[in-house]
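>>> Just need the structure, nothing else, for what follows:
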Amino acid sequence: MVQLTEMTNWGVDLIDVHKTYGRNIHALRGVNIQVGRGEIFGLLGPNGAGKSTLVKIMMTVVRPDRAMGTVLGRPLGHRKKLAVIGYLPEAHRFPTYLTGRGLLHFYAALAKVPAAVRQGRAGNLLERVGMAAWADTRVGKYSKGMLQRLGIAQALMNDPELVVLDEPTDGLDPMGRRDVRRLLLELKGQGKTVFLNSHLLSELEMVCDRVAILVEGLVARQGRLDELTEHTHEYRITAGGDLTALGPKIAKCGGRLDGDTITVPGHDTARVNELIDLLRGQGHSVESVVPRRFSLEDIFVETLGHNAVAGKAPPIGRPATDSG
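All right, here's what the predicted structure looks like:
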């Protein structure tokens, strides 16, 4: 049974979402997800984590066992708000007898977009996703990548406030993925909220403001990318010559010596400069100073490793700050 909460300022505010299939397949075990209005939010996790189930609950395709929350400031399933959400399901299937243009008209009509508006919008979106030349070709002749482009255009035909895309770059080549990234940033620039479910971590890292990592039906981590990687920031100093004798002094300055490389954790540039002065003072050349932080893939792997040790994903509380 779905329980509802009052209106909030979040674009998506899902609280304590549970879903069990059959008697003992716990797809979601109390998920909390908050998405700010006008941001690009990425949902990631290993296969079977419950990502697509959560998306389908948002879209009322799947009924949760228990859930509280809002989408676009209204309770889950609110009809007027569902009408201003664009949705691309994973592994979508389109009628093969329709042309690309006809398909966009069909789905826009279902969303009650006026015919006069559909006409111009379909042409513009087909052009935007690189499908204008195939607009009047039947969908049955489209490749997988072409179907994906068409699916994204379909999700935008109702000029949505919230765009929910489940694996939007599936089947696309590198050029296609770049085009999708540009489109997503354009949507954000228009003030739209974008919710992405994807296993391509490098793609999410390039466009997302915030992400959540779902593991075994629970949110293991959630936040801005800089927040999630803050503890991983470090500097790596590479120097010439044998540094073994300087080991104690390097450690005293907060560095860690490994061969010809000194690692300095954190953001403290004063310590970096102190180590550089030490090296030069002892006649060693400094070959490079490189700042480094974990990638989203590193954070993902680290999270899975921590949860494997713990035996489950730790529940994370709701953020204290608002959507700004």
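
>>> Report the helix or strand with the lowest average pLDDT across the chain.
helix 296-310 (a mean of 71; mean pLDDT, DSSP states H and E).

>>> Can you tell me the SS state at the residue nearest in space to the middle of the chain?
Residue closest to the average C-alpha location in the chain (Cα atoms, centre = their mean): residue 42, at 1.5 Å. Secondary structure state of residue 42, per DSSP: H, G, I helix; E, B strand; the rest coil, is strand.

>>> What about the nearest residue to residue 266 once chain neighbours are set aside, how many residues nearby?
Excluding the flanking residues, the one nearest residue 266 by Cβ to Cβ, 6 or more residues apart in numbering is residue 233, at 6.2 Å. Bear in mind the C-beta positions are built from the backbone N, C-alpha and C, glycine included. For residue 233, the count of nearby residues is 16 (other Cβ atoms under 10 Å).

>>> All the helices of the stretch 1-150 of the chain, residue numbers only.
51-58, 79-82, 100-110, 115-128, 144-155 (DSSP state H, counting those that start in this stretch).

>>> Can you verify my assumption that the residue nearest to the centre of the chain contacts residue 199?
No - contact criterion Cβ atoms under 8 Å: residue 42 and residue 199 do not qualify, at 10.6 Å.

>>> For the residue nearest to residue 283 when sequence neighbours are not counted, give me its contacts.
Excluding the flanking residues, the one nearest residue 283 by Cβ to Cβ, 6+ apart is residue 241, at 7.4 Å. Taking Cβ atoms under 8 Å, 6 or more residues apart in numbering, we find residue 241 in contact with 260, 283-285.

>>> which regions of the chain sit below the pLDDT cut-off?
Residues of the chain that meet the criterion pLDDT under 70 lie in 1-8, 306-324.

>>> So which residues of the stretch 201-324 of the chain form helices?
201-207, 225-229, 247-252, 269-281, 296-310.

>>> residues in contact with the closest residue to residue 294 other than its chain neighbours?
Excluding the flanking residues, the one nearest residue 294 by Cβ to Cβ, 6+ apart is residue 232, at 3.7 Å. Neighbouring residues of residue 232 by Cβ under 8 Å, 6+ apart: 293-294, 298-299.
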